[in-house]
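> next input, structure requested:
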Amino acid sequence: MAELWFGYVWPLIWIVIKIVLIVAPLLLSVAYLTLAERKVIGAMHLRRGPNVVGPWGLLQPIADGMKLFFKETVIPTGTNRAVFILAPCVTFVLALIAWAVIPFGPGLVLADINVGILYLFAISSLGVYGILMAGWASNSRYAFLGALRSAAQMVSYEVAMGFIIITVLICAGSLNLSAIVAAQKNLWFVVPLFPMAVIFFISTLAETNRHPFDLPEAENELVAGFNVEYSAMIFALFFLGEYANMILMAGITTILFLGGWLPPADWALFTWIPGPVWFALKMALLLFVFLWVRATFPRYRYDQLMRLGWKVFLPISLAAVVVVGGVVVAFDLQPVLR
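Residues are numbered from 1 along each chain as shown. This is a model prediction of the structure:
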């Protein structure tokens, strides 16, 4: 009995505990990221933002969640009910399971696999399916056109993101996310790969359908894009999935370019700050830029969006793979970078 407990049952319980320790703070962060967005944009627009529900409006996300939970779920006539309900679940679950390989600190990772970056890229690619399922199952031309726009946008920018990730892998010499962070102990990759870091961050805006690339939700011509027929909690799953993906993309950018949980090499006085705190601070900075961009930039036209992805980012990222690979091999720079 003891062998069964310590050999099979306890490891499963420990995995469940670790999953809860990841998912619970993530869901809380998603809820309060919506409040932070409204507060930041309100401040930039010289208005107050939410300030009624609770002290300083801190209970507003809970009120919004309760409102969506108690609303009636309306499923339009003519929809494919199973696919219609499954689509937001797919989007939300994919946004959660990607966190299995994200290292928050030395050894603080659920699954420290050697191909973590490929796992993340595969999960982000699967996000297209939830959006296409929602657009098709809604039996609405507006939803279907919004889904096609979103799918084309996500696929277009994933290509450039893939090439940029290759430049990071060339410098790090590993596909393991913890090893990529460890390779930046002397120099964060944002320094030698600064143009790639900028292009990668802009691509994450397009990948998450955020301003100024929120073309799938262009209300002037598509009402609300692929989620126009959704309401109540199944709409909330799309909403939560979008913000969870924002946090995920901020985490991936932190790992690839900002040294993950590592402090700057010359900040010896701040080594007492725990690694997960550094990781959270860097993610918070990137998320602030997400919100800042929304409050600042106008929306792109769709032809501008496609041209930027295929005619600007793709050639630059492809050339960067050749240049970075050539420089690293010619000058044997991997030991220096690592």
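
> so this protein: which segments form each domain?
Split into domains by automatic domain parsing, the chain comes to 1-60, 71-337.

> gap between the shortest one and the chain center?
This means domain 1-60. 15 Å (C-alpha atoms, centre = their mean, to the nearest Å).

> now the strand or helix carrying residue 36: mean pLDDT?
Following DSSP states H and E, one finds residue 36 within helix 10-44. Helix 10-44 shows a mean pLDDT of 85.

> who are the packing partners of it?
Using 3 or more C-beta pairs under 8 Å, 6 or more residues apart in numbering; DSSP states H and E as the contact test, the elements touching helix 10-44 are helix 60-70, helix 232-257, helix 275-296. Any C-beta I mention is one placed from the backbone N, CA and C, and that applies to glycine too.

> what angle do the longest one and helix 60-70 make?
Taking axes from the mean of the first three to the mean of the last three C-alpha atoms, to 10 degrees, helix 232-257 and helix 60-70 form an angle of 140 degrees between their directions.

> show me what helix 232-257 is packed against.
helix 10-44, helix 60-70, helix 81-97, helix 116-137, helix 141-172, helix 177-182, helix 194-207, helix 275-296.

> tilt between it and helix 141-172?
20 degrees.

> just for the stretch 1-150 of the chain, where's the confidence low?
1-8 (pLDDT under 70).

> and among the domains of the chain, the most buried is which?
domain 71-337 (a mean of 19; mean count of other C-beta atoms under 10 Å).

> who touches the residue lying closest to residue 200 once chain neighbours are set aside in this structure?
Excluding the flanking residues, the one nearest residue 200 by C-beta to C-beta, 6 or more residues apart in numbering is residue 164, at 4.7 Å. Each residue near residue 164 by C-beta atoms under 8 Å, 6 or more residues apart in numbering is listed here: 196, 199-200, 203, 317, 320.

> let's see it at 10 Å
Shown in contact with residue 164 (C-beta atoms under 10 Å, 6 or more residues apart in numbering): 193, 195-201, 203, 256-257, 313, 316-318, 320-321, 324.

> check residue 61 too.
Under the criterion of C-beta under 10 Å, 6+ apart, the neighbours of residue 61 are 28, 30-36, 38, 50, 53-54.

> and with 8 Å instead?
Contacts for residue 61 (C-beta under 8 Å, 6+ apart) come out as 31-32, 34-35.

> with residue 254 instead?
Residue 254 neighbours (C-beta under 8 Å, 6+ apart): 260, 279, 282-283, 286.

> and those residues, which is closest to residue 60?
If you rank these by distance to residue 60 using C-beta to C-beta, residue 283 comes first, at 21.7 Å.
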